[in-house]
Each structure stands twice: as structure tokens, then as C-alpha cells.
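*Asks:* predicted model, plus sequence, below.
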Amino acid sequence: MPMATLSSPPSAETTAPPLVVIKRGKYRFPPGLRRNLPFYIFSRFFRASNPILLFEYLQKTYGPVSHYKLGPSHIVFLNDPELIREVLINQAPVMIKERTQRRMKILLGEGLITSDGATHMRQRRIAAPAFHRQRIAAYGDMMTARAATMREEWQPGVEIDAVSEMMRLALQVVARTIFDTDVTEDVQTINTEVNAIMDLYNFLVALPRAEALMHLPIPGLMRFKRARKRLDAVVHRMIDQRRQSGTDHGDLLSMLLASRDEEQDQSQLTDEQVRDEVTTIFLAGYETVANALSWTWLLLAQNPEAEAKLHAELDEVLQGRMPTLADLPQLRYTEMVLSESMRLYPPAWAMGRQATADVEIGPYRLPAGTYLFFSQYIMQRTPEYFPDPLRFEPERFTPEAKAARPKFTYFPFGGGNRQCIGESFAWMEAILLTATIAQKWQLRLVEGQRVEVQPKITLRSKYPIRMIPELRD
């Protein structure tokens with residue numbers, strides 16, 4: 001069965017054309033669509049539910065940098081690692097989160113994903129202790145225990161949906177790490193409402209001025225408001241109970257409640273700010289890991305040679321015992337498998353910024369208000385940096401191979417001063433869960449099924465990934 005993809009990337013012979021500049025008054029733009037984006041509504045690359053199609057078209061047609069307009073707004077799509085670096089690092093002081101990510105504030109409030117400027121820096125300072133390596137290391141044994149329980153529930157030859165199983169496993173892990181609890185009714189309610197809200201995400205992004213319309217009886221917005229109200233009620237009740245108990249449960253909620261801004265005024269997070277961070281961590285720590293694992297099982301089933309190397313490493317390092325945090329430095333190929341999986345199917349599939357002032361990006365001069373997008377999905381499948389990009393090759397992530405590539409050719413966790421604060425946590429979780437399950441099982445794909453990506457807040461599988469567990473020899 002072919003690998004899931006939207007379309008083939010350009011061949012190596014057609015990549016990396018020279019940057020072209022189009023002058024318009026005092027500004028210099030890259031080439032791109034001649035008409036406003038809505039004029040292309042019937043084009044094959046225009047599908048509101050799947051913007052990856054547009055990004056693929058722009059990169060194939062115009063090269064590493066392109067331009068289009070949506071209404072009065074200028075939008076520039078970048079697929080050049082040096083220009084992405086320019087936006088995320090060198091020009092960071094004049095960049096803010098772009099509109100679609102800022103619209104996530106309707107769900108996440110002023111959490112780490114959505115906040116900007118001084119607010120973001122303060123949130124990051126206060127939340128940082130919750131993600132200290134020594135703190136998250138305590139969760140390692142819990143993660144492997146949850147994965148071991150799941151692997152014992154599977155039966156040889158009995159079909160599973162890898163997506164729903166990885167979601168179930170990741171939910172158990174996030175419930176324990178955030179709330180020090182099993183998947184209770186409250187945690188299941190949080191999960192249900194977050195999923196309901198995510199299903200409405202593309203609708204919210206596409207709706208002009210959604211923030212200002214929240215009071216109107218628009219069906220999609222009404223469903224969103226009901227889901228958010230139920231979500232907030234549960235999270236605030238859990239925060240109240242924990243504050244009243246005054247007990248440190250060793251979880252992330254306890255850490256957030258106890259943390260202070262040590263660099264400035266010793267202030268703590270308010271209940272509303274804790275709510276925002278809890279919801280952000282829940283979404284980031286649950287969806288992203290579950291999706292990464294789902295795609296990994298698909299890719300291993302499609303690539304038996306890589307699967308065999310993974311099993312050989314697990315047998316050599318673990319010698320039949322359960323993996324622990326101390327094993328991570330020796331599970332190098334396991335990490336490379338996950339790296340390559342997130343190259344092809346990055347859970348965070350695109351990101352962007354908006355310029356708050358006129359800005360110079362490479363040879364271009366762009367007006368204030370310009371949106372700059374870049375996509376991990378597109379960049380990480382670019383043949384110039386990843387030859388034969390659709391081939392699954394974990395050896396792309398040896399230390400030597402990584403050092404030979406520019407930094408922003410691979411950035412599944414973002415970059416710059418907004419790089420994901422939970423990156424080390426996510427790596428630990430993904431490696432330990434993969435090792436625990438692959439130690440016992442091989443997962444075989446059911447023939448004839450359709451596999452397709454669904455880009456929402458994270459890169460989901462549009463359909464179940466149906467697999468048959470087989471005991472390893």
C-alpha cells in the first residue's frame with residue numbers, strides 16, 4: 001500500500017530555483033498568485049479543510065518563496081530554511097503569532113501556544129519548573145507501565161485501530177502527568193470537549209471576525225461555546241479542589257499552582273491562567289504524541305527493514321526487561337525512527353507569524369501586517385534537503401546527517417524563543433511508549449484501507465489506521 005501523501009513533491013532536479021523579486025512601490029514581493037485567493041475556489045489546490053494542498057502548489061509552482069493575497073492581507077509562504085530562521089530568530093521582535101494561531105485563544109486563552117510578548121515570556125518563566133528534566137523524569141516508569149498494560153490487552157490476530165489506541169494510551173499518560181489521576185469521568189469530559197472544539201477549529205479559522213461574533217446564535221459558534229463552558233467548568237473545579245487541598249501531588253497541575261515568577265515580582269498564576277496552561281498542555285501533550293505514534297506504526301509496517309532494526313536494538317539494549325529513562329541514550333535507533341516519522345508526518349504541520357512593522361526578509365521588503373507562513377510538512381519533504389523524500393529512512397537522523405543540514409530544514413517542535421517547552425517531555429514519552437509496545441508486538445496493516453492526512457490543529461489521520469497485532473518471534 002502506498003504511503004499516505006497528498007501529492008508527490010517536486011523532483012530533485014527542479015528544486016531550489018533562484019529567489020525572484022517583484023517590486024510594488026517601496027515593497028519587494030516574491031512571485032505568486034496573480035489574483036486574490038478566493039478567485040481560485042474551484043482550483044484543485046483550494047480546499048479550505050486542507051491548506052497543505054495550497055502550500056504544495058505554491059512550492060512547486062513558484063519555488064521556495066511565494067506570495068498571495070487574501071482580501072487586503074499580504075501572505076508570504078516560505079520554504080527556505082534561512083528565511084524561516086530570519087523570521088523566527090532575527091526578526092522575532094517585530095513578529096507576533098499569525099491570525100489562525102491567535103484564534104486558538106478562543107480555546108486556549110493566554111497559554112504558552114497563543115500568548116505573545118511579555119505575557120508569553122512571563123508564562124514561560126513560571127511554567128518552566130514544571131518541565132524541568134528531573135521533574136519529568138519521575139513520569140518515565142508510569143509511562144511504560146501504561147504502555148505495558150495496553151500491550152497485554154491486545155490479542156494476536158485481533159484488529160485494532162492504531163489511532164484510537166494511541167489516543168487512549170496518550171490520554172492515560174496525560175491524565176496522570178497533569179492531574180495525578182486515572183482517566184476519570186472529569187478527564188474523559190475534558191477529552192470529549194477538547195475533541196469537539198478541535199472538530200470546529202477549521203470553521204473558526206475560516207469565519208471572519210469570529211472573536212467578535214461569539215455572542216451571535218451561529219450554530220458552529222454555539223456548539224463551540226457549549227463545549228468550552230463544559231470544559232472550563234471541569235478544569236476550574238479541579239483547580240479549586242487542588243488549591244483547597246494544598247497537597248503537592250507531584251503532577252504538572254501542582255507545579256503550576258506552586259510556581260512563581262522568580263525573576264520579577266514573585267507573582268503566581270491566577271486560576272484563569274492555570275486553566276489556560278492546563279488546557280494547552282492537555283492538547284499539546286495528548287494530541288501530538290498520539291498522532292506521532294499512530295504514524296510511526298504505519299511507517300514501520302510499511303518498512304520491515306527499519307522495523308527489524310528497531311526490534312534488534314530493543315532486544316540488545318533491554319534484554320527482555322521493561323525500558324526505563326536510563327535506557328534513552330542507548331535507544332538511538334528508536335529515536336531516529338520517531339524523528340523520521342515526524343519528518344514525514346509532523347504533528348505540528350505548519351506555523352506562522354505576522355509582521356508588526358515593515359520588515360526585510362532576505363531580498364524582500366514586506367509591509368506591516370504581512371502574514372508569513374511556513375510548513376514543517378512541506379519543508380521536511382523537500383528533496384534538496386531530504387533526497388527521495390517519501391522514502392522512510394531513519395538514518396537521516398544520525399548525528400552526522402543532522403549536522404550537515406541547515407537548522408530549519410527540520411523543526412517539528414517549532415523554533416526560536418517559542419520552541420516547545422515540552423519537547424524533552426514529548427521525546428521521553430514517545431521513545432518509552434514505542435519501545436514498550438514494539439518489544440512485544442509487530443503491527444501489520446490491514447490491506448485495502450485508505451490512509452490520508454487531516455490537517456487541523458495537529459496532523460491527524462483522516463481515517464482509522466487498521467492494524468493486526470502479531471507477537472514477535
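*Replies:* That came in fine, so what should we check first?
*Asks:* quick check: Ala227 touching Ala196?
*Replies:* Yes - counting by C-beta atoms under 8 Å, Ala196 is a contact partner of Ala227 at 4.3 Å. C-betas here are computed from N, CA, C, even on glycine.
*Asks:* the two: which is more packed in?
*Replies:* Ala227 (20 against 16; other C-beta atoms under 10 Å).
*Asks:* now the helix or strand encompassing the more buried one: mean pLDDT?
*Replies:* In this structure, Ala227 is located in helix 219-245 according to DSSP states H and E. Helix 219-245 comes out with an average pLDDT of 83.
*Asks:* repeat for stretch 74-82
*Replies:* Here the average pLDDT along stretch 74-82 is 96.
*Asks:* circling back to that earlier point, packing partners of the helix or strand following the helix holding Ala227?
*Replies:* For helix 219-245, the following helix or strand on the C-terminal side (DSSP H and E) is helix 252-258. Secondary-structure packing of helix 252-258 (3 or more C-beta pairs under 8 Å, 6 or more residues apart in numbering; DSSP states H and E): helix 162-179, helix 219-245, helix 271-302.
*Asks:* so the residue positioned nearest the centre of the chain: helix, strand or coil?
*Replies:* A centroid search over the chain (C-alpha atoms, centre = their mean) returns Ala348, at 2.7 Å, as the residue closest to the centre. Look at Ala348: counting by DSSP: H, G, I helix; E, B strand; the rest coil, its state is coil.
*Asks:* which ones are touching it?
*Replies:* Contact analysis of Ala348 by C-beta atoms under 8 Å, 6 or more residues apart in numbering lists Thr288, Gln376, Pro412, Phe413, Gly414, Cys420, Thr458, Leu459.
*Asks:* filter those residues down to the buried ones.
*Replies:* Among these, those buried by neighbour count (16 or more other C-beta atoms under 10 Å) are Thr288, Gln376, Pro412, Phe413, Cys420, Thr458, Leu459.
*Asks:* from these, which is closest to Arg47?
*Replies:* Leu459 (15.4 Å; C-beta to C-beta).
*Asks:* OK, contacts around that closest one?
*Replies:* Asn291, Trp295, Tyr345, Pro346, Pro347, Ala348, Trp349, Tyr377, Val453.
*Asks:* tell me the pLDDT at it?
*Replies:* pLDDT, Leu459: 93.
*Asks:* that one and Ala350: what is the separation?
*Replies:* 9 Å (C-beta to C-beta, to the nearest Å).
*Asks:* any shared contact partners between the two?
*Replies:* Tyr377.
*Asks:* one step back: turn the contacts of Leu459 into TSV, including pLDDT.
*Replies:* Formatted as TSV, the contacts of Leu459 follow (pLDDT from 0 to 100):
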residue	pLDDT
Asn291	94
Trp295	98
Tyr345	98
Pro346	96
Pro347	92
Ala348	90
Trp349	94
Tyr377	97
Val453	94
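*Asks:* give me the number of residues near the closest residue to Arg44 other than its chain neighbours?
*Replies:* Nearest non-adjacent residue to Arg44, counting by C-beta to C-beta, 6 or more residues apart in numbering: Leu53, 7.5 Å away. Neighbour count of Leu53, defined by other C-beta under 10 Å: 17.
*Asks:* touching, Leu53 and Tyr40? I think so.
*Replies:* No - Leu53 is beyond contact range of Tyr40, at 10.9 Å (criterion: C-beta under 8 Å).
*Asks:* overlap of the contact sets of the two?
*Replies:* The contact lists of Leu53 and Tyr40 share Phe46, where a contact means C-beta under 8 Å, 6+ apart.
*Asks:* could I get the full set of helices for the stretch 301-450 of the chain?
*Replies:* 304-318, 332-344, 376-379, 399-403, 423-438 (DSSP state H, counting those that start in this stretch).
*Asks:* can you flag the weakest of those helices by average pLDDT?
*Replies:* Across these, helix 423-438 gives the lowest mean pLDDT, at a mean of 92.
*Asks:* now do the buried residues in that helix.
*Replies:* 425-438.
*Asks:* kindly report the same for stretch 162-182.
*Replies:* Counting neighbours by 16+ other C-beta under 10 Å, stretch 162-182 gives 162-163, 165-180 as buried.
*Asks:* show residues contacting the host helix or strand of the residue nearest to Arg44.
*Replies:* Per DSSP H and E: Leu53 is located in helix 52-62. Under the contact criterion C-beta under 8 Å, 6+ apart, helix 52-62 has outside partners 6-7, 9-10, 20, 30-33, 44-47, 66, 68, 77, 79, 349-350, 373, 375, 377-378, 382, 453, 455.
*Asks:* give me the buried entries from those.
*Replies:* If we count by 16+ other C-beta under 10 Å, the contacts of helix 52-62 have these buried: 6, 9-10, 30-33, 45-46, 66, 68, 77, 79, 349-350, 373, 375, 377-378, 382, 453, 455.
*Asks:* unless I'm mixing things up, Val173 is touching Glu429, no?
*Replies:* Yes - judged on C-beta under 8 Å, Val173 makes contact with Glu429 at a distance of 6.3 Å.
*Asks:* give me the common contacts of the two.
*Replies:* Joint contacts of Val173 and Glu429 (C-beta under 8 Å, 6+ apart) are Tyr139, Met143, Gly285, Val289.
*Asks:* between the buried ones among the contacts of Ala348, which sits nearest Phe386?
*Replies:* Once C-beta to C-beta is applied, the member of the buried ones among the contacts of Ala348 that ends up nearest Phe386 is Gln376, at 12.0 Å.
*Asks:* what's the spacing between the spatially closest residue to the closest one that is not a sequence neighbour and His67?
*Replies:* Excluding its sequence neighbours, the residue lying closest to Gln376 (C-beta to C-beta, 6+ apart) is Pro346, at 4.0 Å. According to C-beta to C-beta, Pro346 stands 24 Å off from His67.
*Asks:* the more surrounded of the two?
*Replies:* Pro346 (26 against 20).
*Asks:* may I see the buried residues of stretch 332-344?
*Replies:* 332-344.
*Asks:* return the helix or strand in the chain with minimum mean pLDDT.
*Replies:* Every helix and strand of the chain was ranked by mean pLDDT, DSSP states H and E. The lowest is helix 99-102, at a mean of 55.
*Asks:* how does the protein divide into domains?
*Replies:* 1-90+349-408, 124-333+412-473 (automatic domain parsing).
*Asks:* now the residue nearest to Pro347 when sequence neighbours are not counted: how far from Ile160?
*Replies:* Of all residues not flanking Pro347 in the chain, Thr288 sits nearest, at 3.9 Å (C-beta to C-beta, 6+ apart). Separation of Thr288 from Ile160 (C-beta to C-beta): 21 Å.
*Asks:* give me the nearest residue to Leu325, chain neighbours excluded.
*Replies:* Gly140 (3.8 Å).
*Asks:* and that neighbour, what's its pLDDT?
*Replies:* 89.
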